[in-house]
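Colleague: With the input below, show me the fold.
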Amino acid sequence: MTFFFREDEQLQQLGDRILQATWETFPQLARNQIAMTWILYEPPIVVNTGGALSSTEFWKYKPRGFHYRGVERIYPASVVKLFYMVAAYEWLEGGMIQPSPELERAIRDSIVHSSNDATSLVVDVLTGTTSGPELPPGPFETWKMQRNLVNRYLQSLGWPEFETLNVNQKTWCDGAYGRERAFLGTMMDNRNMLTTNATARLVHSILGGVAVSSQASQTMMAFMKRSLDPTELAADPENQVTGFLGDGLPLEAGVWSKAGLMSRVRHDAAYIELPDARPYLLVVFTEGPEQSRNEKLLPFVSQQVAQAMRELGTGNW
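Modeller: As a prediction, the model looks like this:
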């Protein structure tokens, strides 16, 4: 498969070193319980420019990158909300839905606070469906077709990273009921599924200002911006930094991210600007109940990558 990034031996060695250190530090982490995609932004840096490049020009650049199990389909938890956000702005700019203060509040809260209730409204508006009691077969088929609108939009982009994703389910606190539970399938085989490579490509497009439009991309980045201020983090126990990729980075670092957490996964997708290294994009998915509870795993990986970025910047590699 051709990726939007190019792999090379130097990053392969660094990526392997980071993963080896992670397995040595967390021996309970199985080899198939982590997936990672790491993208470097080297001069000319084409991201976070306020949309200075056209889509055509932007996609001509292929940044260096590394991935481990980056094509494996994994339940994404709340990381899927990034995909619904992009779809919402595509629908708005295309006139498929009408703007409203409530929709804007829901899109914002789905990312800023990772609100499942807000996400429920966004999915309803995107697809023209609502949750509720089970439906008779005929209406249910129509409902299912509508619920796959976002999948069809993402497939229409023609990006190979998006070929295996599934984003047609709401996110829940307790779980799905009624028609939503029926839609998941008896064995939950219709759950949302993403890869770290697909997630990285979506975030890469937002950073480049080419997700929907320059203005939409800047709005989305604003929602993803995270404060590293310890006082603010302490005041919000459900912040998306503590226990995730922004944890343990220098306070002056810039972090734009979206985390995902439930009883069996702990994920994060983050664009990071360090004061002493070039910017980069890091997506890490981890699976298993132990990993879900482990607040030290993702920060460890993040700090290892940050150190590797500093080494690259000083020419030690």
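Colleague: Where does the prediction get shaky in this structure?
Modeller: Across the chain, the ranges flagged by pLDDT under 70 are 315, 317.
Colleague: And the strands in it?
Modeller: 34-40, 65-68, 225-226, 254-262, 265-273, 280-287 (DSSP state E).
Colleague: Am I right that Ser131 is in contact with Leu121?
Modeller: No - contact criterion C-beta atoms under 8 Å: Ser131 and Leu121 do not qualify, at 10.6 Å. Quick note: C-beta positions are derived from backbone N, CA and C, even for glycine.
Colleague: So which of the strands of the chain is nearest Phe183?
Modeller: The closest of these to Phe183 is strand 254-262. By C-beta to C-beta, the value is 18.3 Å.
Colleague: and the angle from that closest one to strand 280-287?
Modeller: Counting by axes from the mean of the first three to the mean of the last three C-alpha atoms, to 10 degrees, strand 254-262 points 10 degrees away from the direction of strand 280-287.
Colleague: how about strand 254-262 as CSV, C-alpha atoms only?
Modeller: Taking Å, rounded to 0.1, in the frame of the first residue of the first chain, the C-alpha atoms of strand 254-262 are listed here in CSV:
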residue,chain,number,x,y,z
GLY,A,254,2.1,23.2,21.7
VAL,A,255,-0.3,20.3,21.6
TRP,A,256,-3.4,19.8,19.4
SER,A,257,-5.0,16.4,20.0
LYS,A,258,-8.0,14.1,20.4
ALA,A,259,-7.9,11.2,22.9
GLY,A,260,-10.0,8.1,23.1
LEU,A,261,-10.6,6.1,26.3
MET,A,262,-12.9,3.2,27.3
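Colleague: In stretch 297-309, which of the residues would be classed as buried?
Modeller: 297-306, 308-309 (16 or more other C-beta atoms under 10 Å).
Colleague: give me the number of residues near Val167?
Modeller: 22 (other C-beta atoms under 10 Å).
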